[in-house]
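J.: Sequence unavailable; structure follows:
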């Protein structure tokens, strides 16, 4: 049975445009994979705590040396990693807030990027420990940033996903959403076309 992990990062939860575009893609994916399951991780409805020194020390501690509280903190990270490991496909709704990724997504990354679990260092470089899998990101932006130095999302998330072993990455952009009704309609239409292409 195939598994898809959908991660919504919009402040507006499932009502955000990035989440709705992601959901449209997921619906196509489910039609093509009727015997499948979808894991939904909504970071607005169920936010991941931001990384603290206490949490980071729990991650670093040897399992046999962890306190009861440290075991509980590590278990939260393990659950997120388990969802990612179980997924054959990953879909991320990705609005741009103040020229960057949502802070809730950064918190998720800080819990998923764990030495010995999703990556390890060799003598020459870092090695991702996750198997590659198709990953689609729906990037929604008020302005036009793709291909410019102000697009911090694309290189950052590409690097992170590569870092943990994921290289089959596709970005679907919907830009200019705050630049008038015509620009918004055009952007959403182009995103829908991209979804149809990917679904095919």
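T.: That came through, no problem. Source: prediction; values computed, not measured.

J.: When you work out contacts or count neighbours from here on, use the C-alpha atoms and nothing else.
T.: Will do.

J.: Which residue lies nearest the spatial centre of this structure?
T.: residue 92 (4.3 Å; CA atoms, centre = their mean).

J.: continuing past the helix or strand that contains that residue, what's the next helix or strand?
T.: Here residue 92 sits within strand 89-95, counting by DSSP states H and E. Counting by DSSP H and E, the element after strand 89-95 in chain order, helix or strand, is helix 103-112.

J.: next structured bit after that next one?
T.: Following helix 103-112 in sequence, per DSSP H and E, is strand 119-121.

J.: what does that following strand contact?
T.: Residues outside strand 119-121 that contact it (CA atoms under 8 Å, 6 or more residues apart in numbering): 113, 115, 126-130, 163-165.

J.: Please identify the buried residues of that strand?
T.: 119-120 (16 or more other CA atoms under 10 Å).

J.: and what of stretch 23-38?
T.: For stretch 23-38, using 16+ other CA under 10 Å, the buried residues are 23, 25-26, 29-30, 38.

J.: In JSON lines, list those residues along with secondary structure.
T.: Below are the buried residues of stretch 23-38 laid out as JSON lines (DSSP: H, G, I helix; E, B strand; the rest coil):
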{"residue": "23", "secondary structure": "helix"}
{"residue": "25", "secondary structure": "helix"}
{"residue": "26", "secondary structure": "helix"}
{"residue": "29", "secondary structure": "helix"}
{"residue": "30", "secondary structure": "helix"}
{"residue": "38", "secondary structure": "strand"}
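
J.: how about these in JSON lines, adding pLDDT?
T.: Shown next, in JSON lines, are the buried residues of stretch 23-38 (pLDDT from 0 to 100):
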{"residue": "23", "pLDDT": "98"}
{"residue": "25", "pLDDT": "98"}
{"residue": "26", "pLDDT": "98"}
{"residue": "29", "pLDDT": "97"}
{"residue": "30", "pLDDT": "96"}
{"residue": "38", "pLDDT": "98"}
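
J.: quick one, helices of this structure?
T.: 17-32, 53-60, 68-86, 103-112, 153-163, 181-199 (DSSP state H).

J.: Residue 138 is nearest to which of the ones you listed?
T.: helix 17-32 (5.7 Å; CA to CA).

J.: Which secondary structure elements does that closest one sit against?
T.: The helices and strands touching helix 17-32, judged by 3 or more CA pairs under 8 Å, 6 or more residues apart in numbering; DSSP states H and E, are strand 2-8, strand 89-95, strand 135-140, helix 181-199.

J.: how far is the second one from where the chain is centred?
T.: Put plainly, it is strand 89-95. Mean-position distance between strand 89-95 and its chain equals 5 Å (CA atoms, centre = their mean, to the nearest Å).

J.: and the angle from that strand to helix 68-86?
T.: Strand 89-95 runs at 110 degrees relative to helix 68-86, counting by axes from the mean of the first three to the mean of the last three CA atoms, to 10 degrees.

J.: How about the first one?
T.: With the same axes, to 10 degrees as the criterion, the two stretches strand 2-8 and helix 68-86 enclose an angle of 120 degrees.
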